[in-house]
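In: can you look at this prediction? I've put the sequence above it.
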Amino acid sequence: MQQRTLGPRTVSAIGLGGMPMSIEGRPDEARSVATIHAALDAGVTLIDTADAYHLLAGEVGHNEELIAAALRSYGGDTSDVLVATKGGHLRPGDGTWTQDGRPEYLKEAAKASAKRLGVEAIGLYQFHRPDPRVPYADSVGAIRDLLDEGVIELAGISNANVEQIDLANEILGGRLVSVQNQFSPAFRSSQGELEHCAALGIAFLPWSPLGGISRAGEVGGRHSVFQDVADAHGVSPQQVTLAWELALAPVVIPIPGSSRPATIQDSLRAAELTLTDDEIAALSALAH
């Protein structure tokens with residue numbers, strides 16, 4: 001599979017988002033493990049998760065533990081797999097989401113994530129979402145401390161604007177390696193952040209790159225030009241969507257969520273799909 005750079009690491013150009021395996025409508029564990037194994041078989045070396053990817057209040061870290069178990073049971077070599085997790089966004093279990101960006105909380109959350117993942121140091125830890133009650137610099141300062149203390153190997157942020165990207169990179173002493181923001185054909189408000197990351201050489205990880213769990217299957221229907229390009233290549237519109245995102249900048253690493261082996265296998269084939277300049281322009285010009 002095509003490779004891309006994430007800080008000092010080289011990872012697959014498309015990663016696997018684990019969220020759909022742990023929230024509403026999640027499959028049984030056997031199918032989730034089969035999905036993760038299928039991704040690994042296809043060459044995925046980046047898996048994204050978070051301690052908040054769970055359904056019920058008493059199962060914080062469900063997705064982290066699921067991914068750790070799948071890696072342990074995989075028959076092949078997983079030494080080059082980078083597991084990226086996040087902290088600072090909470091799901092109380094009543095369908096709502098809250099934030100906690102207090103430094104003391106983030107430090108304890110990171111250590112708990114490391115324990116669930118079964119690692120001495122988390123490969124990539126990302127501040128999940130800004131907490132309006134806590135100065136952003138204080139939250140990112142906790143990520144810096146975790147990096148300096150060796151609790152995490154790489155540091156990233158999520159749901160950040162350009163100003164927060166620059167502030168985080170300054171606080172981290174130029175060691176910010178990734179920004180994970182929502183980005184898809186239907187959601188392009190992070191275009192500026194994507195371009196800013198490209199200029200800085202920071203990896204940009206679009207979450208919900210196909211439009212979200214409930215809309216991923218509708219890409220071609222909602223955006224006819226994506227279906228037209230897909231028909232021309234004899235592939236799915238989901239593949240075209242991911243290939244288009246990869247073509248926007250060499251720092252882009254989409255992380256489509258999946259809970260079925262067939263869907264992640266289809267998505268991963270986008271890394272080998274080459275679009276023409278005219279196709280990229282037509283897809284990028286789509287009104288949104």
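Out: That came through, no problem. Numbers count the residues shown, from 1 in each chain.

In: helices along the stretch 101-250 of the chain, start to end?
Out: 103-117, 136-149, 162-171, 191-200, 219-222, 224-233, 237-248 (DSSP state H, counting those that start in this stretch).

In: tell me what angle the helix or strand just after the last one forms with helix 237-248.
Out: The reference is to helix 237-248. Later in the chain than helix 237-248, the nearest helix or strand by DSSP states H and E is helix 261-268. If you take axes from the mean of the first three to the mean of the last three CA atoms, to 10 degrees, helix 261-268 sits at 30 degrees to helix 237-248.

In: which strands and helices sit next to helix 261-268?
Out: Using 3 or more CB pairs under 8 Å, 6 or more residues apart in numbering; DSSP states H and E as the contact test, the elements touching helix 261-268 are helix 29-41, helix 237-248. The way it works is simple: take the backbone N, C-alpha and C, and place the C-beta from them, glycine included.

In: need the contact partners of the shortest one.
Out: By CB atoms under 8 Å, 6 or more residues apart in numbering, the surrounding residues in contact with helix 237-248 are 2, 13-14, 183-185, 194, 206, 209-210, 216-217, 219-220, 223, 226-227, 229-230, 233, 252, 254, 256, 263, 266-267, 269-271, 273-275, 279-280, 283-284.

In: ok, of the helices of the stretch 101-250 of the chain, where does mean pLDDT dip lowest?
Out: Ranked by mean pLDDT, the helices of the stretch 101-250 of the chain bottom out at helix 219-222, with a mean of 70.

In: quick one: closest of the helices of the stretch 101-250 of the chain to residue 84.
Out: Closest of the helices of the stretch 101-250 of the chain to residue 84 is helix 103-117, at 10.4 Å (criterion: CB to CB).

In: now the closest one and helix 136-149, what's the angle there?
Out: 40 degrees.

In: any buried residues in helix 103-117, and which?
Out: 103, 105, 106, 107, 109, 110, 113, 114, 116, 117 (16 or more other CB atoms under 10 Å).

In: hang on, isn't the last one packed against residue 85?
Out: Yes: counting by CB atoms under 8 Å, residue 117 sits close enough to residue 85 to count as a contact (6.8 Å).

In: joint contacts of these two?
Out: In contact with both residue 117 and residue 85: residue 64, using CB under 8 Å, 6+ apart.

In: hmm, back to that, just the helices and strands packed on helix 261-268: most buried one?
Out: The highest average neighbour count among the helices and strands packed on helix 261-268, using mean count of other CB atoms under 10 Å, belongs to helix 237-248 at a mean of 24.

In: please state the offset of it from the chain centre?
Out: 15 Å (CA atoms, centre = their mean, to the nearest Å).

In: can you dump the C-alpha atoms of it in CSV for me?
Out: The C-alpha coordinates for helix 237-248 follow below in CSV (Å, rounded to 0.1, in the frame of the first residue of the first chain):
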residue,chain,number,x,y,z
PRO,A,237,-17.6,6.3,-5.1
GLN,A,238,-16.1,5.7,-1.6
GLN,A,239,-12.8,4.8,-3.3
VAL,A,240,-12.9,8.0,-5.4
THR,A,241,-13.7,10.1,-2.3
LEU,A,242,-10.6,8.8,-0.4
ALA,A,243,-8.4,9.0,-3.5
TRP,A,244,-9.5,12.6,-4.0
GLU,A,245,-8.6,13.4,-0.4
LEU,A,246,-5.2,11.8,-0.8
ALA,A,247,-4.6,13.9,-3.9
LEU,A,248,-5.3,17.2,-2.0
